[in-house]
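Novice: Kindly return the folded structure for what I paste below:
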Amino acid sequence: MTTVITGLANLILHSHKWIRGSRIGLLCNPASIDSQYRHAKHLLNQAFPGQLTALFSPQHGIFAEKQDNMIESPHAIDKDLGIPVFSLYGETRIPTPEMFAQIDLLIIDLLDVGTRVYTFTSTLSYCLETAAKLQKRVLVLDRPNPVGGIQIEGNCLSPDLSSFVGRYPIPMRHGLTMGEYAAYINETFHINCSIDIIPMSGWDRRMYFQDTGLPWVLPSPNLPTPNAAIVYPGQVIWEGTNISEGRGTTLPFEQFGAPFINIDQLISFMGGLSIPGAILRPVAFEPTSNKWAGQVCQGFQIHVIDPYRFSPYRTSLKLLQGIIHLHKDRFQWKSPPYEYEWEKLPFDLIIGSSVLRRQLENLEDMADIEKGWTDELAEYGYTAAKFHLYK
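Specialist: From the prediction side, this is the model:
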């Protein structure tokens, strides 16, 4: 297997002399590493001595230590470099002019997971907007989309449900790398930031993370493996319900459940344990924290057999329909707040549609539901393809 060369590695390999003399800020977290596990902050400090003047951290913190939503990180001082670390998930989620006063160039090196609700893309967008207003340059170091760049899936977010877990009308699974995403939103939504992208070498759109030869360092606490990232575009919907998404267990997002779920009835509703591209394996688990902590939950682990046939969003929506149908008396939608939205239902924010929620409640056929977003998904795919950097 040939190891993909990331944007970070290409930056270090080719120097890019135009950066010299600029004060550099770096938006990063523990996954901002090269193939030898060396962190971007150390590599940049070596390549551009004395130029790295500030670090910025996304949700979960500079060490990805914060477990859940709306758990904020404070500003800090980096103990290795003695420079400030500005939290972009604390007292503000939008970088301030005071933060950007310390830099001329912001380098962004984050591993996105290809899902609309993953907040790193929202942080990226706020950085682009602030940089555009303050006439600062942004350089995105590209990384693989862990769930590939071919499959796109789901309804496009309704603009009235724009939030920190989805700012733009794109589908749940967007099929772009971080660099492509930055270019797409910068032009499509008229941010007009001065942006450069250092692409990867050796990545193609069929690759899942397991195909890249790169080491996996979890980008957030509850995505410990590439397998968790594969199911995440669907399994994230449980965050808007009283069903455990596996937080507080060793298999977050790969397994889900609740004490009241009747496994046999749900298997019957799904038509068996085999679903396209995956197997549902009945499990029981006891979360140590979060929903149903200390109680035994009945549910499933999703074992993906063929990621090219597996549709995570459709699968989880169908499972949700079954639970709504079978457990009307116990199932609940989670109440606000969720990601700093205090009135709208968290589930609506996550899936980007209140219409879809009602369709699920009414047990409308999934094929008919999907037909409703076919045109908008095709239009998105056509537009997004203009920003593809890789075959």
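Novice: make it CA atoms for all contacts and neighbour counts henceforth
Specialist: Will do.
Novice: Against residue 329, how distant is the spatially most central residue of the chain?
Specialist: Nearest residue to the geometric centre of the chain (C-alpha atoms, centre = their mean): residue 118, 2.8 Å. Using C-alpha to C-alpha, to the nearest Å, residue 118 is found at 31 Å from residue 329.
Novice: need the helices for the protein, in chain order.
Specialist: In the chain, the helices defined using DSSP state H lie at 7-14, 40-47, 97-100, 120-134, 178-188, 226-235, 263-270, 312-326, 346-351, 354-361, 366-371, 374-385.
Novice: Quick one: residues contacting residue 345.
Specialist: By C-alpha atoms under 8 Å, 6 or more residues apart in numbering, residue 345 lies in contact with 240, 333-338.
Novice: and if you look at residue 377?
Specialist: 152-156, 171.
Novice: Next, count neighbours for the closest residue to residue 301 other than its chain neighbours.
Specialist: Counting by C-alpha to C-alpha, 6 or more residues apart in numbering, residue 301 lies nearest to residue 255, which is 4.0 Å off, once chain neighbours are set aside. Residue neighbour count, defined by other C-alpha atoms under 10 Å, stands at 27 for residue 255.
Novice: Distance check, residue 255 against residue 336.
Specialist: For residue 255 relative to residue 336 (C-alpha to C-alpha), the value is 24 Å.
Novice: same question, residue 192
Specialist: Residue 192 sits 34 Å away from residue 336, going by C-alpha to C-alpha.
Novice: swap in residue 147?
Specialist: Going from residue 147 to residue 336 by C-alpha to C-alpha gives 29 Å.
Novice: So between those two, which is more surrounded?
Specialist: residue 147 (32 against 15).
Novice: just checking, the more buried one touches residue 232?
Specialist: No. The pair residue 147 / residue 232 is not scored as a contact, 9.5 Å apart, by C-alpha atoms under 8 Å.
Novice: give me every residue that touches the residue lying closest to residue 68 once chain neighbours are set aside.
Specialist: Take residue 68 and drop its neighbours on the chain: the residue closest to it by C-alpha to C-alpha, 6+ apart is residue 60, 7.4 Å away. Residues near residue 60 by C-alpha under 8 Å, 6+ apart: 66-68, 71-73, 89, 220-221.
Novice: Give me the distance between residue 60 and residue 312.
Specialist: Distance of residue 60 to residue 312, given as C-alpha to C-alpha: 24 Å.
Novice: and if you look at residue 212?
Specialist: Applying C-alpha to C-alpha, the value for residue 212 to residue 312 is 21 Å.
Novice: cool, residue 336 as well?
Specialist: Residue 336 sits 25 Å away from residue 312, taking C-alpha to C-alpha as the criterion.
Novice: Equivalent analysis for residue 11, please.
Specialist: Using C-alpha to C-alpha, residue 11 is found at 34 Å from residue 312.
Novice: Please identify which of these two sits among more neighbours.
Specialist: Neighbour comparison, residue 11 and residue 312: the larger count goes to residue 312, with 26 against 17 (by other C-alpha under 10 Å).
Novice: Would you agree that one is in contact with residue 237?
Specialist: No. Assessed by C-alpha under 8 Å, residue 312 is found out of contact with residue 237, at 10.5 Å.
Novice: just to revisit the earlier point, state the distance from the residue nearest to the centre of the chain to residue 383.
Specialist: Distance, residue 118 to residue 383, by C-alpha to C-alpha: 21 Å.
Novice: same question, residue 240
Specialist: 30 Å.
Novice: Also residue 333?
Specialist: 34 Å.
Novice: Residue 113 too?
Specialist: Counting by C-alpha to C-alpha - residue 113 and residue 383 are separated by 20 Å.
Novice: swap in residue 170?
Specialist: Separation of residue 170 from residue 383 (C-alpha to C-alpha) stands at 11 Å.
Novice: Neighbour count: the two, which is higher?
Specialist: Between residue 170 and residue 383, counted using other C-alpha under 10 Å, the more crowded position is residue 170 (25 against 12).
Novice: Would you enumerate the residues in contact with that one?
Specialist: For residue 170, the contact set (C-alpha under 8 Å, 6+ apart) comprises 116, 155-157, 380.
Novice: The closest residue to residue 286 other than its chain neighbours: neighbour count?
Specialist: With C-alpha to C-alpha, 6+ apart as the criterion, residue 286 has its nearest non-adjacent residue at 4.5 Å, and that residue is residue 296. As a burial measure, residue 296 scores 15 neighbours (other C-alpha under 10 Å).
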